[in-house]
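In: Provided below are the primary sequence and the corresponding predicted coordinates.
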Amino acid sequence: MTPGITVISGPAGVGKGTVVSRLAAEHPQIWVSVSTTTRAPRPGEVDGVHYLFVSEAEFDALVEDGGLLEWAVVHGRHRYGTPAAPVFAAEAEGRVVILEIDLAGARQVRERLPQARSIFLAPPDWGTLVGRLTGRGTETNDQVERRLQTARVELEAAAEFDEVVVNDELGATVGKLVSLLGL
């Protein structure tokens with residue numbers, strides 16, 4: 001196993017959460033960072049498990065105190081960020097650390113931690129991405145359209161990453177990540 005920090009990013013709907021969840025379930029030695037967000041929980045999401053849900057004021061305090069490794073406004077609405085202390089603690093323990101974050105966050109991590117590995121998760125094609133986003137049923141039509149606009153821009157950034165993995169079939173995608181992470 002190769003310890004260290006690995007960023008996994010890609011457009012909304014590409015399956016980052018599903019892939020990372022399966023990877024962590026199959027390899028419990030991996031430590032997956034829990035992001036902080038100002039958005040409200042979606043049905044079934046649990047505070048502290050899926051995200052750390054905070055108020056705008058609480059997020060402001062984290063930013064002012066330097067408590068976030070990265071943060072960004074996503075889809076023009078809500079802020080998301082990665083708490084720094086738990087990431088560095090897990091890395092110090094020799095764990096394989098996964099940051100599942102958006103493109104803006106990945107760019108900030110690359111600036112702050114150039115030694116971190118970066119993997120871009122890509123859809124097999126545009127139609128598949130559209131289908132995954134609309135099939136979730138968790139966003140309104142306006143939200144889906146906003147995410148698709150963001151995804152068009154994010155897909156153009158794939159070349160900025162150390163590796164690109166196409167999420168065509170869950171098992172195969174996880175297998176590619178296992179190989180890249182040296183697990």
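Out: Good, I have the coordinates.
In: Output the lowest mean pLDDT helix or strand found in this protein.
Out: helix 126-136 (a mean of 79; mean pLDDT, DSSP states H and E).
In: roughly how far is that one from the heart of the chain?
Out: With CA atoms, centre = their mean, to the nearest Å as the basis, helix 126-136 stands 18 Å off its chain's centre.
In: for stretch 25-37, same thing?
Out: For stretch 25-37, the separation from the chain centroid amounts to 10 Å (computed by CA atoms, centre = their mean).
In: Please apply the same query to stretch 85-96.
Out: With CA atoms, centre = their mean, you get 17 Å for stretch 85-96.
In: go on, stretch 143-161?
Out: On CA atoms, centre = their mean, the centre of stretch 143-161 falls 13 Å from the chain's centre.
In: Just the buried residues of stretch 4-20, please?
Out: Judged by neighbour count (16 or more other CB atoms under 10 Å), stretch 4-20 contains these buried residues: 4-16, 19-20. In short, each C-beta sits where N, CA and C put it, glycine included.
In: Looking at this protein, which helix is longest?
Out: In the chain, assigned by DSSP state H, the helix with the most residues is helix 141-155.
In: May I have it as PDB, with CA atoms only?
Out: The C-alpha trace of helix 141-155 is given here as PDB (Å, rounded to 0.1, in the frame of the first residue of the first chain):
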ATOM      1  CA  ASN A 141     -34.500  20.400 -13.400                       C
ATOM      2  CA  ASP A 142     -32.800  23.800 -12.800                       C
ATOM      3  CA  GLN A 143     -30.300  22.100 -10.500                       C
ATOM      4  CA  VAL A 144     -29.500  19.400 -13.000                       C
ATOM      5  CA  GLU A 145     -29.000  21.900 -15.700                       C
ATOM      6  CA  ARG A 146     -26.700  24.000 -13.500                       C
ATOM      7  CA  ARG A 147     -24.700  20.800 -12.700                       C
ATOM      8  CA  LEU A 148     -24.500  19.900 -16.400                       C
ATOM      9  CA  GLN A 149     -23.200  23.400 -17.300                       C
ATOM     10  CA  THR A 150     -20.500  22.900 -14.600                       C
ATOM     11  CA  ALA A 151     -19.700  19.400 -15.800                       C
ATOM     12  CA  ARG A 152     -18.900  20.700 -19.300                       C
ATOM     13  CA  VAL A 153     -16.200  22.900 -17.900                       C
ATOM     14  CA  GLU A 154     -14.900  20.300 -15.500                       C
ATOM     15  CA  LEU A 155     -14.500  17.700 -18.200                       C
END
